[in-house]
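[1] structure here, sequence nowhere to be found:
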């Protein structure tokens with residue numbers, strides 16, 4: 001017992017004291033910053049960044065030659081940065097990239113992290129009133145690679161300690177206020193996703209975590225997917241990443257709850 005107390009005193013608090021002010025150090029890839037300048041000289045017809053993107057997340061306006069990136073599709077691989085000869089794209093370590101509207105995830109040239117964050121999440125009074133003090137979630141891995149699943153597990157460890165905010169994952173959808181979906185939703189898992197959602201008492205919310213869940217990611221064109229669930233039911237929160245960092249998830253949910 002005394003040895004345990006000694007270890008606890010020496011280690012101090014392991015939890016991140018303020019997840020709102022926490023900074024993820026580079027080389028973490030977060031919010032991509034896109035230069036507002038058009039390509040110069042012989043590079044005006046260059047599509048290297050677009051052609052190297054594995055998920056078609058990049059769009060080039062052929063008239064203005066300005067870029068936009070859909071971070072709901074982006075897997076944050078960094079190939080666009082490596083392929084661009086003029087350094088038009090750079091990934092910052094800004095991690096608060098969740099949004100309540102998928103259209104907000106399309107980042108235009110010249111947009112700053114502050115511009116994005118100020119308009120990304122619209123907290124609703126009803127959500128804050130019902131779930132603001134306690135939010136129980138049932139996580140469904142719909143054919144994911146387990147990357148996002150492992151990061152969500154980390155949200156509950158001693159470092160991030162998500163439960164202190166009243167947010168936690170539960171074993172049964174009957175005990176949940178909503179579901180968190182990871183993975184691109186395969187045909188086989190589409191039934192499980194809908195069954196889980198229907199088992200959650202109303203009112204209920206849906207959160208998509210990771211590029212695969214939001215857009216299909218690198219599997220978007222696969223015939224093995226069945227994403228009809230997302231057409232039938234509204235999604236309340238989109239949290240990008242590949243995988244999604246615990247701080248991105250926690251801050252996104254806290255903003256959604258209006259905390």
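    That came in fine, so what should we check first? None of the values given here were measured: they were computed from a predicted structure.
[2] so residue 250 sits right up against residue 159, yeah?
    No. Counting by C-beta atoms under 8 Å, residue 250 does not reach residue 159; the two are 10.9 Å apart. Every C-beta, even on glycine, is put in place using the N, C-alpha and C of the backbone.
[3] neighbour count winner among the two?
    Legend: neighbour count by other C-beta atoms under 10 Å for residue 250 and residue 159, higher for residue 250 (24 against 14).
[4] helices and strands of the chain: which one bottoms out on pLDDT?
    The weakest-scoring helix or strand in the chain, judged by mean pLDDT, DSSP states H and E, is helix 2-11 (a mean of 74).
[5] immediately after it, which helix or strand?
    Sequence-wise, the next helix or strand downstream of helix 2-11 (DSSP states H and E) is strand 32-34.
[6] now whatever helix or strand comes next after that next one: buried residues?
    The helix or strand immediately downstream of strand 32-34 is helix 48-51, counting by DSSP H and E. By neighbour count on 16 or more other C-beta atoms under 10 Å, the buried set for helix 48-51 is 48-49.
[7] I'd like to know which elements helix 48-51 is packed against.
    strand 58-60, helix 79-83 (3 or more C-beta pairs under 8 Å, 6 or more residues apart in numbering; DSSP states H and E).
[8] nearest to residue 221, of those?
    strand 58-60 (16.3 Å; C-beta to C-beta).
[9] how about that closest one: buried residues?
    So for strand 58-60, counting by 16+ other C-beta under 10 Å, buried means 58, 60.
[10] note down every partner strand of that strand and its orientation.
    Within its sheet, strand 58-60 is paired with strand 67-70 (antiparallel), according to DSSP bridges.
[11] pLDDT of the helix of greatest length in the chain, averaged?
    Criterion DSSP state H: the longest helix present in the chain is helix 187-199. Per-residue pLDDT over helix 187-199 has a mean of 97.
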